[in-house]
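Novice: dropping the sequence and predicted coords here.
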Amino acid sequence: MTNTKPVFFSLRTIAVLVITLVVCAIGKGFYQQYVAGPPDFPGPGQGSVSLKVTTGESLAQMGNALKAAGVVKSVDSFIAASNVNSKSSSIQPGRYELKLEMASRDALTLLINGSTRTSTAIIIPEGLRTASILERIAKQSPITLADLKHEVAHPASLGLPKSAHGNVEGYLYPSSYDIDGHSTARSVLMRMIALARSTHQKLGLGSSARSHGQSEEEVLTVASILEAEAHPRDYAKVARVIYNRLQSPMRLQMDSTVAYGLGIKRVMLTQKQLDTSTQYNTYLNDGLPPGPIGNPGEAAIRAALHPANGDWLYFLTVNLDTQATKFTNSYNEFLTYKSQFLSYCTTHVGKC
């Protein structure tokens, strides 16, 4: 039998061992973070996964989505690759086909060059006219402007409600739409109209309009004028001005409706343009124009349904930079505001 003697370590020896282990651990972490870099797959990857990049998404958010989908090993590796690529800020919204377990720099490259993008996300802002919407879709997707115009001219199969009277204006709902190789002019327009109708239903457009003695089309027409004439913070007040004028009775005299009837986009119109007779000239015609002059979003529709309380008959945006808008029921005071606006235009050439 062999005798074994217990081994004793001094406190000094134990301290040295602990310090050595800590230093080794710190050294390993330092090496991984600052020398080897953050964890990353070697690539080239395998399989297939679909990833959607949304408008306004940050690189950090993309990195989190990529990691969650199993495309990259860590968010830090994707951020590190982005930091050394000056084109990383040019990634476009849409849906991309990527591989699992890709090197971050390879995933970034595919997102930047768009070679694996299977759909394009087209943003339709609030208040845009139908003509502009069609041009935007045609410019950013394979769908042709001719096909879009054909569908708009023959809208029976697009899913419009009866209240639209065959006019898509006001029913192409502002939102983000993914358009892929299978999308057609008809399918895209149907999606936009379907979203409009579901939003209108959510807002109780039909019942609320009827309770105020209005039609759905009249509410959408008011909402579309709000989009063209006012800043969102003033939607409810401008809506009240419109209703006060209609009840006076008093012509609306909205430049935006005149411009729509003339097919132009201008803030200030000439007297000749204001005198030009169209159905949309609210200087020459009583009441609302015959239909919407754009495609309003939820905020404008809410304001048209729930206007602010007030006795205003006039409003004017006196500064186009700040969108400062003044309201009054006095014509003389309105003329003072008009002078302020003309003064702004004089000192801001090209703004008006």
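Specialist: It's in. Numbers count the residues shown, from 1 in each chain.
Novice: list the contacts for the residue nearest to R117 when sequence neighbours are not counted?
Specialist: Spatial nearest neighbour of R117, chain neighbours left out: G94 (4.8 Å); criterion: C-beta to C-beta, 6 or more residues apart in numbering. For glycine as for every other residue, the C-beta is placed from the backbone atoms N, C-alpha and C. Applying C-beta atoms under 8 Å, 6 or more residues apart in numbering to G94 gives the contacts K52, V53, G114, R117, T118, S119, T120, A121, D178.
Novice: can you tell me what sits against the helix or strand containing S207?
Specialist: For S207, the host element (DSSP states H and E) is helix 205-211. The contact list for helix 205-211, computed with C-beta under 8 Å, 6+ apart, reads H200, S215, E216, E218, V219, L220, I301, L305.
Novice: which strands and helices sit next to the helix or strand harbouring T118?
Specialist: Taking DSSP H and E as the definition, T118 sits inside strand 117-123. On a contact count with 3 or more C-beta pairs under 8 Å, 6 or more residues apart in numbering; DSSP states H and E, strand 117-123 meets strand 94-100, helix 130-140, strand 176-180.
Novice: next, give phi and psi for T317.
Specialist: Backbone dihedrals for T317, given as degrees, to the nearest 10, come out at phi -80, psi 110.
Novice: what's the neighbour count on K67?
Specialist: Residues lying near K67 (other C-beta atoms under 10 Å) number 17.
Novice: gap between the two ends of stretch 299-313?
Specialist: By C-alpha to C-alpha, to the nearest Å, the extent of stretch 299-313 from end to end equals 22 Å.
Novice: let me fix that: stretch 200-220
Specialist: Stretch 200-220 has an end-to-end distance of 10 Å (C-alpha to C-alpha).
Novice: list the buried residues in it.
Specialist: H200, L203, L205, S208, A209, Q214, E216, E217, E218, V219, L220 (16 or more other C-beta atoms under 10 Å).
Novice: which of those residues lies closest to V238?
Specialist: Distance ranking of the buried residues of stretch 200-220 against V238, using C-beta to C-beta, places V219 first at 14.1 Å.
Novice: now the buried residues of stretch 200-220 as JSON lines including secondary structure?
Specialist: JSON lines is the format used below for the buried residues of stretch 200-220 (DSSP: H, G, I helix; E, B strand; the rest coil):
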{"residue": "H200", "secondary structure": "helix"}
{"residue": "L203", "secondary structure": "helix"}
{"residue": "L205", "secondary structure": "helix"}
{"residue": "S208", "secondary structure": "helix"}
{"residue": "A209", "secondary structure": "helix"}
{"residue": "Q214", "secondary structure": "coil"}
{"residue": "E216", "secondary structure": "helix"}
{"residue": "E217", "secondary structure": "helix"}
{"residue": "E218", "secondary structure": "helix"}
{"residue": "V219", "secondary structure": "helix"}
{"residue": "L220", "secondary structure": "helix"}
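Novice: how many neighbours does G56 have?
Specialist: Other residues close to G56 by other C-beta under 10 Å number 9.
Novice: specify the local secondary structure of it.
Specialist: Strictly by three-state DSSP, G56 counts as coil.
Novice: measure it to I293 for me?
Specialist: 28 Å (C-beta to C-beta, to the nearest Å).
Novice: can you pull out the helices in this structure?
Specialist: 11-30, 59-68, 75-83, 104-113, 130-140, 145-153, 185-203, 205-211, 216-229, 235-247, 255-262, 271-274, 298-305, 331-347 (DSSP state H).
Novice: buried deepest among those, which one?
Specialist: helix 216-229 (a mean of 25; mean count of other C-beta atoms under 10 Å).
Novice: now do that helix, average pLDDT.
Specialist: Taken as a whole, helix 216-229 carries a mean pLDDT of 97.
Novice: and the angle from it to helix 185-203?
Specialist: 100 degrees (axes from the mean of the first three to the mean of the last three C-alpha atoms, to 10 degrees).
Novice: what does helix 216-229 contact?
Specialist: 126-127, 161, 163-165, 169-171, 200, 205-206, 208-209, 235, 238-239, 242-243, 252, 254, 256-257, 260, 288-289, 291-297, 300-301, 303-305.
Novice: quick one: distance of stretch 259-269 to the chain centre.
Specialist: Relative to its chain's centre, stretch 259-269 lies at 24 Å (C-alpha atoms, centre = their mean, to the nearest Å).
Novice: so what touches it?
Specialist: For stretch 259-269, using C-beta under 8 Å, 6+ apart, the contacting residues are 129, 131, 228, 255, 258, 273, 276, 278-281, 289, 293-294, 320, 345, 351-352.
Novice: any idea of the mean pLDDT for that stretch?
Specialist: Stretch 259-269 comes out at a mean pLDDT of 91.
Novice: count of residues packed around V267?
Specialist: 13.
Novice: so how far is the first residue of stretch 249-268 from its last?
Specialist: 25 Å.
Novice: stretch 41-60 now?
Specialist: Using C-alpha to C-alpha, first and last residues of stretch 41-60 are 18 Å apart.
Novice: flag every buried residue along that stretch.
Specialist: So for stretch 41-60, counting by 16+ other C-beta under 10 Å, buried means F41, G45, V49, L51, V53, L59.
Novice: centre of the chain versus it, how much separation?
Specialist: Taking mean C-alpha positions (C-alpha atoms, centre = their mean), stretch 41-60 and its chain are 22 Å apart.
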